[in-house]
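Peer 1: Pasting the sequence and the predicted coordinates here, then a few questions.
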There are 2 protein chains.
Amino acid sequence: MRSRAEVLEFSILGLLHDSPLHGYELRKRLTGVLGPFRAISYGSLYPALKDLQARDLIIQAAPDPQPVLTTKRARIVYELTGEGKEYFDQLVAAPGPDSWEDEPFAAHLAFFQRTPADVRMRILEGRRSRLEQRLATLRDSFTRAGERMDAYTERLQQHGLDSVEREVRWLDELIDGENRPDNRP
Amino acid sequence: MRSRAEVLEFSILGLLHDSPLHGYELRKRLTGVLGPFRAISYGSLYPALKDLQARDLIIQAAPDPQPVLTTKRARIVYELTGEGKEYFDQLVAAPGPDSWEDEPFAAHLAFFQRTPADVRMRILEGRRSRLEQRLATLRDSFTRAGERMDAYTERLQQHGLDSVEREVRWLDELIDGENRPDNRP
DNA sequence: TTCGTCATGTAATGGGTTACATGATTAC
DNA sequence: GTAATCATGTAACCCATTACATGACGAA
């Protein structure tokens, strides 16, 4: 689930798992999941819906039999099919290395309640080691650039390093929370 | 200077301002400037060099008249032309709203020593207000998503918010440093 | 002799956004 | 009446990476 398209697909499925939705509303919720800076465009969303439908993972819900007097514009409401549910559950339960990347990780988090506890742990720890690895790369390039590096750039890089370290600590708190029996995040 | 290509161009010019370099070495230094995760590819670099050359901002340096015995493969060393210098100085001195974005800001920082003090301040303060604005957007979408937001996602968003706040404080330190007469960053 | 790094380049491919087209509804 | 939001879609475009092509040098 590395590419934007796959994260999108996963998130759509996850959101429809809760309740049927139409595209426009879906986009707003997606923005809530991924954050306002990674909001996806309709140019991605609608084709994605089409694709999911073609694969029988979602279907257009039957239109309201009693159309309200105030017939808003025909909204196309989608809902999960059986296969769709299955597929999502499978994706949720089988996080691969790709899931440790920023966006996939955010998407996984968004559906953590419906993620089995052991899988949650795998995801958090996978993410953690991903960050650890990122730190190593950062430190490496830091020392490697070493001499030649301007003082300002150095401060920027150092700040970047600090940020990742903070994220590791943040993750540790989450992991801690998972380990406590009472389980309040 | 928003697009990757423009940041690249600016950075190449900035690096060549110090000393002539060939493509391969340029790429390594570029990676030092932008960080290992935004390293640019040769598929971007070489065409960019070609383009800069076509615009007479850089030229191929005359090959060493006394080829060393160990004639490594012919390396194409580029250096700035007069126009190139001028153009870079002009770019450095006229930071637009685009310069407050992540990558352009990093690029500007990399050449801060050769940036006039008043321009430095404009850049730092522009960046600061850009972050402030980002915070507003984040808080807005935070409260807007409000109710429906899962506890885990909320923690993620909160962490994102904290990170930006930290970056603002980091910037404030830099700004402070600029204001102190002794000026040690 | 083979692997890693040095070194330069191009073409194809992928991926997503922007811009455009269209129109209803609601609030001021 | 007019601006903002709701609502759905498509086509063109941008832009950068990936993959490929080519080859030399140094070390193990």
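Peer 2: Arrived safely, thanks for sending.

Peer 1: so who does the most centrally placed residue in chain A touch?
Peer 2: Nearest residue to the geometric centre of chain A (Cα atoms, centre = their mean): A:Ala107, 1.3 Å. The contact partners of A:Ala107, taken as Cβ atoms under 8 Å, 6 or more residues apart in numbering or on different chains, are A:1, A:7, A:10-11, A:14, A:33-34. Quick note: C-beta positions are derived from backbone N, CA and C, even for glycine.

Peer 1: let's see it at 10 Å
Peer 2: Shown in contact with A:Ala107 (Cβ atoms under 10 Å, 6 or more residues apart in numbering or on different chains): A:1, A:6-11, A:14, A:30, A:33-34, A:91, A:99, A:101, B:153.

Peer 1: Could you do A:Ala61 as well?
Peer 2: When contacts are counted by Cβ under 10 Å, 6+ apart, A:Ala61 touches A:16, A:20-22, A:75-79.

Peer 1: Same check on A:Gly23?
Peer 2: Residues in contact with A:Gly23 (Cβ under 10 Å, 6+ apart) are A:12, A:42, A:45-46, A:48-49, A:75-78.

Peer 1: List phi and psi for it.
Peer 2: A:Gly23 has phi and psi values of phi -50, psi -50 when expressed as degrees, to the nearest 10.

Peer 1: swap in A:Ser41?
Peer 2: Main-chain torsions, A:Ser41, degrees, to the nearest 10: phi -90, psi 160.

Peer 1: what distance separates stretch A:19-37 from the centre of its chain?
Peer 2: From the chain centre to the centre of stretch A:19-37 is a distance of 12 Å (Cα atoms, centre = their mean, to the nearest Å).

Peer 1: Helices of chain A, start to end?
Peer 2: A:4-18, A:23-34, A:42-54, A:82-93, A:102-110, A:117-145, A:151-179 (DSSP state H).

Peer 1: Can you point out the buried residues in the last one?
Peer 2: Which is helix A:151-179. A:152-153, A:155-157, A:160, A:163, A:167-168, A:170-171, A:174, A:177-178 (16 or more other Cβ atoms under 10 Å in any protein chain shown).

Peer 1: So which elements touch that helix?
Peer 2: helix A:117-145, helix B:23-34, helix B:102-110, helix B:151-179 (3 or more Cβ pairs under 10 Å, 6 or more residues apart in numbering or on different chains; DSSP states H and E).

Peer 1: got the angle between that helix and helix B:151-179?
Peer 2: 160 degrees (axes from the mean of the first three to the mean of the last three Cα atoms, to 10 degrees).

Peer 1: How about the second one?
Peer 2: Angular relation of helix A:23-34 and helix B:151-179 on a 0 to 180 degree scale: 60 degrees, by the same axes, to 10 degrees.

Peer 1: separation between A:Gln53 and A:Arg120?
Peer 2: 30 Å (Cβ to Cβ, to the nearest Å).

Peer 1: Find me the pLDDT at A:Ala61, would you?
Peer 2: The score at A:Ala61 is 90. That number is its pLDDT.

Peer 1: same thing with the one 4 residues further on?
Peer 2: The predicted structure scores A:Pro65 at 52 on the pLDDT scale.

Peer 1: What is the burial count for A:Lys50?
Peer 2: Neighbours of A:Lys50 under the rule other Cβ atoms under 10 Å in any protein chain shown: 11.

Peer 1: Same check on the one 3 residues further on?
Peer 2: Counted with other Cβ under 10 Å, the neighbours of A:Gln53 add up to 16.

Peer 1: pretty sure it is touching A:Leu16, no?
Peer 2: No. Assessed by Cβ atoms under 10 Å, A:Gln53 is found out of contact with A:Leu16, at 11.4 Å.

Peer 1: which residues do these two both contact?
Peer 2: Shared contacts of A:Gln53 and A:Leu16 (Cβ under 10 Å, 6+ apart): A:78, A:81, A:84.

Peer 1: which ones are touching the nearest residue to A:Gly32 once chain neighbours are set aside?
Peer 2: Leaving aside its sequence neighbours, A:Gly32 sits nearest to B:Ala145 (Cβ to Cβ, 6 or more residues apart in numbering or on different chains; 3.8 Å). Residues in contact with B:Ala145, defined by Cβ under 10 Å, 6+ apart, are A:28-29, A:31-33, A:35-36, B:153-154, B:157.

Peer 1: Flag the shaky bits of chain A, pLDDT-wise.
Peer 2: Residue ranges of chain A with pLDDT under 70: A:63-73, A:182-185.

Peer 1: Check the gap between the residue lying farthest from the centre of it and DNA strand C for me.
Peer 2: The centre of chain A is farthest from one residue, A:Glu147, which by Cα atoms, centre = their mean lies 38.9 Å away. To DNA strand C, A:Glu147 is 16 Å away according to Cβ to the nearest atom of the strand, to the nearest Å.
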